[in-house]
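> following is a predicted model, sequence given first.
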Amino acid sequence: MSGHSKWAQIKRQKGVNDARRGQLFTRLGREIIVAVREGGGGDPNANFRLRKAVDAARAANMPMDTIDRAIKRALGGGEGTQLEEIAYEGYTPGGAAVLVYALTDNRNRTAAEVRNVFNKGGGNLGENGCVDWIFEQRGVIEIELDGQDPDELSLEAIDAGAEDVEPAHEGDETLTVYTMTTEVDAVKAALEARKMKVVRAETALIPKTTIELDEKTSLQAFRMIERLEELDDVQDVHTNADFNEAALSQA
């Protein structure tokens with residue numbers, strides 16, 4: 001799972017750029033609408049998917065009145081409630097898996113746009129089921145290191161209920177721990193009770209295995225995934241690529 005935290009850091013940095021392009025709030029609003037429709041109502045306390053969507057929106061500094069309007073729009077059956085969820089699966093240059101989630105009101109348009117990015121980026125769009133088995137839902141919690149011993153924090157995290165801890169590398173600012181999806185809130189509370197600073201806690205798709213890419217294919221794969229995430233209908237992109245550090249410095 002070593003590629004996950006690296007990609008997560010890249011995506012958080014990209015999130016700032018998305019906000020500047022005016023795309024992030026639109027994506028978050030769409031997810032709230034679908035979460036209300038598919039997750040069982042407009043109460044975040046009773047709808048886990050909506051709670052996750054609202055938490056993501058608040059983390060991105062979306063105003064509460066904007067969040068409330070999206071929930072009311074979904075409950076009222078108005079604009080945006082006809083969005084369809086679609087997953088696309090394929091491979092980057094170098095053979096790393098790519099799983100793309102989209103929300104769209106025009107399946108043909110979105111499919112054509114996604115296919116075009118794969119083709120131009122040197123990747124391959126595959127059949128349904130070709131890569132989704134590589135990923136699994138897990139709880140992901142990041143703890144601020146702040147000069148503390150990663151090994152000591154890892155042991156404390158395990159004691160607090162974490163299932164696994166990603167080894168820390170030189171220069172890392174956070175320690176990533178994994179939990180069962182149902183245990184994220186409980187483990188987060190246990191970590192905070194031990195005076196650890198939690199900077200992120202969520203459920204996410206985590207690759208069971210990773211594919212190490214060389215410098216050339218890393219750069220090609222990164223740019224292809226970046227173009228996928230810039231598509232208006234794309235909500236999220238997951239990959240099991242382990243990117244080459246030298247390539248990331250050029251991206």
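That came in fine, so what should we check first?

> hang on, isn't Leu205 packed against Leu99?
Yes. Using C-beta atoms under 8 Å, Leu205 makes contact with Leu99 at a distance of 6.9 Å. Quick note: C-beta positions are derived from backbone N, CA and C, even for glycine.

> helix, strand or coil: sort out the residue nearest to Gly39 when sequence neighbours are not counted for me.
Using C-beta to C-beta, 6 or more residues apart in numbering and skipping the chain neighbours, the partner closest in space to Gly39 is Arg49 (3.6 Å). At Arg49, secondary structure determined by DSSP: H, G, I helix; E, B strand; the rest coil is helix.

> contacts only, for Arg49.
With contacts defined as C-beta atoms under 8 Å, 6 or more residues apart in numbering, the neighbours of Arg49 are 35, 38-39.

> top of these by neighbour count?
Counting neighbours by other C-beta atoms under 10 Å, Ala35 comes out on top of the contacts of Arg49 with 24 neighbours.

> and the gap between that residue and Asp159?
For Ala35, the distance to Asp159 equals 33 Å [C-beta to C-beta, to the nearest Å].

> mind listing the strands for the stretch 1-150 of the chain?
84-91, 97-104, 124-125, 135-144 (DSSP state E, counting those that start in this stretch).

> quick check: the most far-flung residue of the chain relative to its centre vs Ile32, distance?
Within the chain, the residue lying farthest from the chain centre (C-alpha atoms, centre = their mean) is Gly76, at 28.2 Å. Distance, Gly76 to Ile32, using C-beta to C-beta: 13 Å.

> re earlier: can you put the contacts of Arg49 in TSV and add distance to Arg223?
Output for the contacts of Arg49, formatted as TSV (distance: C-beta to C-beta, whole Å):
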residue	distance to Arg223
Ala35	31
Glu38	32
Gly39	34
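
> pLDDT-wise, what's the bottom of those?
By pLDDT, Gly39 ranks lowest within the contacts of Arg49, coming in at 76.

> thinking again about what came up before, now, which of the contacts of Arg49 sits nearest Ala247?
Ala247 lies nearest to Ala35 out of these, by C-beta to C-beta, at 35.1 Å.

> just the strands in the stretch 151-251 of the chain please.
Going by DSSP E, counting those that start in this stretch, the stretch 151-251 of the chain shows strands at 164-165, 174-179, 198-207, 211-212, 234-239, 241-242.

> in the chain, where is pLDDT below threshold?
Under the criterion pLDDT under 70, the flagged ranges of the chain are 1-22, 77-81, 251.

> what are the ranges of the helices in the stretch 1-150 of the chain?
2-20, 24-39, 48-59, 64-76, 107-120, 150-159 (DSSP state H, counting those that start in this stretch).
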